[in-house]
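[1] Next input, structure requested:
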Amino acid sequence: MLSALSLVLCVAMVVAWVRSYWRTDCVTYVAGNQGRYVSTGVLCEMGAIATGSSALPSRISRANGLYWETGTAKGSELPSESWWNRRGFSLHAWDGQDWLVGVPCWLVVISTGVLPAVRLWLCRQNRLARRRGLCPTCGYDLRASKDRCPECGTPIPAQTAGSGKA
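    Numbers count the residues shown, from 1 in each chain. Modelled structure (predicted):
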């Protein structure tokens, strides 16, 4: 289940990454009351994805809720002044309460793609082991065994037991 969720996130991030060179997407959650509002969100633009939080000025009036905004990618949404900004990785802070952390999209794609890739590789290895008549748990040769692996005790599936395949 976790592998499937990771695969969905990986594919969604690839789409957002490609789209980020033409469109800027920003998902924001606004919360607050009595004139003090805080905006927390995720921004994807020009091959980078950033998350951050900022206090909204009193002149901006938004109701509490979730907002999605999109526009033409210009590279202007991410601030130029920063504590650190190297090769797509960035850290920005203003006024002690507003902050933004950014990473390149390729890093998110790789990190969400690792689990599905490992799962796929393990499934392939397991299928090859069954085809060769090996125990899926320990790799012991099961061609001469009847019901259980003599090495680890794993039950042998009916089609593998005693098969003469090499």
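
[2] from what I can see residue 103 touches residue 87, true?
    No - counting by C-beta atoms under 8 Å, residue 103 stays clear of residue 87, with 10.1 Å between them. C-beta coordinates here come from the backbone N, C-alpha and C atoms, glycine included.

[3] who has more neighbours, those two?
    residue 103 (15 against 6; other C-beta atoms under 10 Å).

[4] Are we agreed that the more buried one is in a strand?
    Yes - counting by DSSP: H, G, I helix; E, B strand; the rest coil, residue 103 is found in a strand.

[5] and the strand or helix carrying residue 38, average pLDDT?
    Element membership for residue 38 (DSSP states H and E) is strand 36-45. For strand 36-45, mean pLDDT is 82.

[6] Now do the buried residues in that strand.
    Buried residues in strand 36-45, counted by 16 or more other C-beta atoms under 10 Å: 37, 39, 41, 43, 44, 45.

[7] Could you tell me how far that strand lies from the centre of the chain?
    For strand 36-45, the separation from the chain centroid amounts to 19 Å (computed by C-alpha atoms, centre = their mean, to the nearest Å).

[8] same for that strand, what does it pack against?
    helix 2-19, strand 23-33, strand 48-56 (3 or more C-beta pairs under 8 Å, 6 or more residues apart in numbering; DSSP states H and E).

[9] Direction included, what does it pair against?
    In the sheet, strand 36-45 lines up against strand 23-33 (antiparallel), strand 48-56 (antiparallel) (DSSP bridges).

[10] from those strands, which stretch is densest packed?
    strand 48-56 (a mean of 18; mean count of other C-beta atoms under 10 Å).

[11] residues in contact with it?
    Residues outside strand 48-56 that contact it (C-beta atoms under 8 Å, 6 or more residues apart in numbering) are 13, 16, 20, 30, 32, 36-44, 62, 78, 88, 90, 92, 94-95, 97-105, 108.

[12] what do you get if the cut-off is 7 Å, keeping everything else the same?
    With contact meaning C-beta atoms under 7 Å, 6 or more residues apart in numbering, strand 48-56 is reached by 30, 37-40, 42-43, 62, 78, 88, 97-105, 108.

[13] How about the contacts made by residue 148?
    Counted by C-beta under 7 Å, 6+ apart, residue 148 has contacts 154, 155, 156.

[14] What's the first helix or strand after the lowest-mean-pLDDT helix or strand in the chain?
    Sorting the helices and strands of the chain by mean pLDDT, DSSP states H and E puts strand 84-86 at the bottom, at a mean of 63. Scanning forward in sequence from strand 84-86 by DSSP H and E, the next helix or strand is strand 89-94.
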